[in-house]
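*Asks:* sequence and predicted model, in that order:
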Amino acid sequence: MTDNPALLVPRLLAEVEDLKVRFVSREATVHAVNGVSFTVRPGEVLCILGESGSGKSVTLRALMRLLPDRARVEGRINVVGQDVPSLSKRALGDLRGGLVSMVFQEPMTALDPVYTVGQQIIEAVRRHTGCDRRAARARALELLELVRVPSAERRLDAYPHELSGGLRQRAMIAMALSCKPQLLLADEPTTALDATVQVQVLILLRRLQRELGMGMIFVTHDLGVAAEIADTIAVMYAGRIVESGPVAQVLSSPAHPYTAGLLASTVHGQPRDRDIDAIPGSPPDMRRLPRGCAFAPRCPRRMQACLDGVPPERYPAAGRLAACLAVAEQQAVPVTENASA
């Protein structure tokens with residue numbers, strides 16, 4: 001047996017339990033994430049879905065300890081077999097980019113404008129593999145070709161501002177894959193792209209994920225993107241996961257009223273002469289969360305009990321979870337049966 005953690009693939013690539021993140025300042029405390037739990041297995045794509053401000057990106061950044069110092073993080077975060085909160089600075093540097101990589105939402109701000117694309121990929125390769133510059137450049141060229149950047153050798157010496165948005169995002173993906181990570185984190189990587197390029201990037205990510213056998217956590221607010229790329233889905237609202245399960249089941253028969261509201265708010269499949277069924281009201285103020293269900297003020301199925309306390313997790317079917325009192329009317333599946341399914 002080898003002692004090199006980079007060569008071992010754990011049974012779970014990510015195991016998050018009761019994650020809570022607060023941003024503390026003199027003016028207020030923002031409760032950004034409030035008890036999130038999930039797992040990701042090798043080869044699985046988990047999509048975290050929700051409106052802006054629901055805590056998706058904060059959750060993703062907590063996995064790599066990329067939050068600012070004013071953030072207060074609680075809960076268990078185990079990534080690729082390592083306890084992230086207890087890692088030393090050196091061990092954290094080995095984890096980032098080596099075992100776990102991240103693709104950010106806007107590559108123009110994530111890439112360094114004063115270095116060429118090739119220099120930035122080469123630096124990542126040399127940091128985690130220890131190879132010489134010539135071998136690292138060859139690997140960088142191979143990666144740009146892998147993500148189908150045209151004229152890849154010429155693009156190596158281009159600066160980020162000389163590339164289009166789609167090419168910059170492909171370069172960011174190439175950098176993220178440079179050291180063959182076991183887990184890829186993608187924070188809305190297609191939001192800034194036009195529709196045609198967005199589809200190309202999604203197909204590319206899914207193809208590379210399958211070919212390389214990576215696990216992936218993909219954050220988005222777009223239902224179409226989730227349907228295209230995910231195996232399982234976790235719907236977040238006000239810093240909590242309110243529903244989760246296999247993507248086809250959740251999107252075809254949502255159990256939580258918030259998920260149903262998101263699906264009804266899309267233009268896909270809607271008649272042209274009909275208004276979109278938007279969810280009424282606004283998301284809650286994360287500085288002053290309500291005592292009960294955070295979605296209750298906007299929910300068409302709310303009961304008095306919804307206002308009295310946070311609803312417990314229910315299991316409407318094997319592999320499904322919904323934090324809603326209305327789900328109790330259905331036949332719940334015990335946690336033990338859910339785990340063995």
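*Replies:* Good, I have the coordinates.

*Asks:* low-confidence stretches in the stretch 51-200 of the chain?
*Replies:* 192 (pLDDT under 70).

*Asks:* tell me which helix or strand residue 139 sits in.
*Replies:* helix 133-146 (DSSP states H and E).

*Asks:* what's in contact with that helix?
*Replies:* If you take CB atoms under 8 Å, 6 or more residues apart in numbering as the criterion, helix 133-146 is touched by 117-118, 121-122, 125-126, 129, 131, 152-153, 155-156, 170-171, 174-175, 177-178, 208. Where you see a C-beta, it was placed from the backbone N, CA and C, and this is true even at glycine.

*Asks:* ditto for stretch 176-184
*Replies:* 9, 13-14, 40, 42, 79-80, 97-103, 121, 124-125, 128-129, 139-140, 143, 146-147, 205, 208-209, 212, 214-217.

*Asks:* check stretch 200-210 too.
*Replies:* In contact with stretch 200-210 (CB under 8 Å, 6+ apart) are residues 43, 45, 103, 146-148, 166, 169-170, 173, 177, 184, 186, 189-190, 193, 214, 216, 218, 225, 228-229.

*Asks:* restricted to strands, list those residues.
*Replies:* Residues of these located in strands (DSSP state E): 45, 103, 184, 186, 216, 218.

*Asks:* what's the closest non-adjacent residue to residue 251?
*Replies:* Leaving aside its sequence neighbours, residue 251 sits nearest to residue 227 (CB to CB, 6 or more residues apart in numbering; 5.8 Å).

*Asks:* check that neighbour and give its pLDDT.
*Replies:* pLDDT, residue 227: 90.

*Asks:* check the one 5 residues further on too.
*Replies:* Taken from the predicted model, the pLDDT recorded for residue 232 is 96.

*Asks:* how about the one 10 residues further on?
*Replies:* The model reports residue 242 with a pLDDT of 96.

*Asks:* next, it: phi, psi?
*Replies:* Note on residue 242: backbone dihedrals following degrees, to the nearest 10 are phi -100, psi -20.

*Asks:* I'd say it and residue 295 touch.
*Replies:* Yes. Residue 242 lies in contact with residue 295 (CB atoms under 8 Å); the separation is 6.9 Å.

*Asks:* can you pull out the strands in the stretch 1-150 of the chain?
*Replies:* Using DSSP state E, counting those that start in this stretch, the strands of the stretch 1-150 of the chain run over 14-24, 29-40, 45-49, 71-79, 82-83, 100-103.

*Asks:* can you show me the strands along the stretch 151-300 of the chain?
*Replies:* With strands called from DSSP E, counting those that start in this stretch, the stretch 151-300 of the chain shows them at 183-187, 215-220, 232-237, 240-246.

*Asks:* so which of those strands is the most packed in?
*Replies:* strand 215-220 (a mean of 26; mean count of other CB atoms under 10 Å).

*Asks:* re earlier: anything in contact with each of residue 242 and residue 295?
*Replies:* Residues touching both residue 242 and residue 295 by CB under 8 Å, 6+ apart: 256, 258.

*Asks:* list buried residues within the contacts of helix 133-146.
*Replies:* Using 16 or more other CB atoms under 10 Å as the burial test, the contacts of helix 133-146 include 117-118, 121-122, 125-126, 129, 152, 155-156, 170-171, 174-175, 177-178, 208 as buried.
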